[in-house]
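pasting the sequence and the predicted model now:
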Amino acid sequence: MARIRMPLKIVPARSAPKTASAGATERIVESITAAIVERRLMPGTKLSEQKIADIFQVSRTLVRQALNQLSRDRLVTLEPARGASVAMPSVDEAKQVFQVRAMLEGAMVRQLCALITDPQIAELRAHLSDEAAAVSRTDVPGRTRLLADFHVVLARMLGNEVLAQLLSDLLSRSSLIALMYQSSHSAAHSQDEHVRIVDALAARDASAAARRMEQHISAVEQNLRLDPHTADLFSALRPRG
């Protein structure tokens with residue numbers, strides 16, 4: 001059975017202990033984020049405070065805090081009198097997310113080429129093996145999480161936790177976008193592209209690594225249905241024939 005490796009979080013040496021309420025809020029945030037990334041919660045899904053409170057056995061106040069945090073992360077939309085729901089990203093937002101990812105991740109792998117070690121290459125190869133196994137057994141939640149984690153693992157190999165967290169947030173939004181706009185970019189294609197990126201990193205070829213990362217992100221974006229043929233009202237309603 002393939003190993004599913006989750007990237008480790010870097011914890012500051014003097015981090016203060018979390019209160020019980022803060023821990024519960026974080027648990028709700030992480031659970032909802034994971035459900036979005038793993039495609040178990042769809043865009044527009046209503047998020048009832050009371051139902052979530054019952055699931056996690058906490059107060060609605062803590063649920064509200066979690067939903068507020070997810071709203072700041074652009075994963076949840078809060079509307080007066082209508083409550084919370086999973087966000088529905090616009091076309092413009094979708095394009096901007098992928099534009100930022102291409103800029104950040106191309107520069108990231110270019111820098112990583114100068115620093116990456118052989119043990120880190122071996123770790124990436126093991127991650128690729130886990131990805132391939134998840135793809136082959138049609139483990140949709142597992143493969144979705146692993147394919148996203150690949151990008152965060154690269155950032156953590158640079159030792160840059162700020163970049164890793166930023167990418168994690170962008171990848172969560174990318175998952176929502178893929179759900180919203182019905183991506184036709186297959187998991188197998190993404191996995192193949194990851195292999196080519198790691199090959200370039202192993203060769204310490206910074207230009208190839210950056211080019212392959214940018215091509216990968218561009219391919220994912222191009223396979224989204226971001227340009228539907230939306231006619232004006234007259235064109236949509238005029239009699240045919």
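Arrived safely, thanks for sending.

C-alpha from now on. contacts and neighbour counts both.
Fine.

what about the residue lying closest to V58 once chain neighbours are set aside, how many neighbours?
Distances taken as C-alpha to C-alpha, 6 or more residues apart in numbering put A24 closest to V58, at 7.6 Å, once the chain neighbours are dropped. Using other C-alpha atoms under 10 Å, A24 is surrounded by 20 other residues.

pretty sure A24 contacts R64?
No: under the criterion of C-alpha atoms under 8 Å, A24 is not in contact with R64, lying 11.6 Å apart.

what's the weakest-modelled helix or strand in the chain?
For the chain, counting by mean pLDDT, DSSP states H and E, helix 233-237 ranks last in confidence among helices and strands (a mean of 58).

who's in contact with whichever strand or helix holds the residue nearest to V58?
Under the criterion of DSSP states H and E, A24 resides in helix 20-37. By C-alpha atoms under 8 Å, 6 or more residues apart in numbering, the residues outside helix 20-37 that reach it are 41-42, 56, 58, 62-63, 65-67, 69-70, 75, 141, 144-145, 171-172, 175-176.

can you check stretch 181-191 too?
Looking at what lies outside stretch 181-191 - C-alpha under 8 Å, 6+ apart - the contacts are 128, 131-132, 135, 143-144, 147, 216, 219-220, 223-226.

any idea which of these is closest to A94?
Ranking the contacts of stretch 181-191 by separation from A94, with C-alpha to C-alpha as the measure, puts L226 on top at 8.0 Å.

list the contacts of that closest one.
91, 94, 181.

so which residues of the protein form helices?
With DSSP state H as the definition, the chain shows helices at residue ranges 20-37, 49-56, 60-72, 91-113, 118-136, 140-157, 161-180, 187-202, 206-222, 233-237.

any chance of these in TSV, plus distance to P80?
Written out in TSV, the entries for those read as follows (distance: least, C-alpha to C-alpha, whole Å):
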stretch	distance to P80
helix 20-37	21
helix 49-56	14
helix 60-72	13
helix 91-113	22
helix 118-136	41
helix 140-157	32
helix 161-180	22
helix 187-202	38
helix 206-222	32
helix 233-237	29
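
and those helices: which comes nearest A81?
With C-alpha to C-alpha as the criterion, A81 lies closest to helix 49-56 of the helices of the chain, at 12.7 Å.

how's this protein carved up into domains?
Using automatic domain parsing, the domain parsing of the chain gives 20-86, 91-222.

that older thread, which one of the helices of the chain has the lowest average pLDDT?
Out of these, the stretch the model trusts least by mean pLDDT is helix 233-237, with a mean of 58.

give me the contacts around stretch 75-95.
For stretch 75-95, with C-alpha under 8 Å, 6+ apart as the criterion, the contacting residues are 33, 41-49, 67-68, 70-71, 74, 172-174, 176-177, 180, 221, 226-227.

mind doing that once more with 6 Å?
Residues lying outside stretch 75-95 but in contact with it, judged by C-alpha atoms under 6 Å, 6 or more residues apart in numbering, are 43-47, 70-71, 226.

want to throw the residues you listed into TSV with distance to D192?
Putting these into TSV (distance: C-alpha to C-alpha, whole Å) gives the following:
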residue	distance to D192
P43	28
G44	31
T45	32
K46	35
L47	36
L70	32
S71	34
L226	24
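
filter the residues you listed down to the buried ones.
Buried residues within these, defined by neighbour count using 16 or more other C-alpha atoms under 10 Å: 43, 46-47, 70-71, 226.

which one of the residues you listed is nearest Q120?
Out of the buried ones among the contacts of stretch 75-95, the member with the shortest distance to Q120 (by C-alpha to C-alpha) is L70, at 32.1 Å.

for this protein, which residue occupies the most central location?
The residue lying closest to the centre of the chain (C-alpha atoms, centre = their mean) is L171, at 2.3 Å.

number of residues surrounding the closest residue to that one other than its chain neighbours?
Using C-alpha to C-alpha, 6+ apart and skipping residues adjacent in sequence, the residue nearest L171 is A148, 6.4 Å away. Applying other C-alpha under 10 Å, we find 20 other residues in the vicinity of A148.
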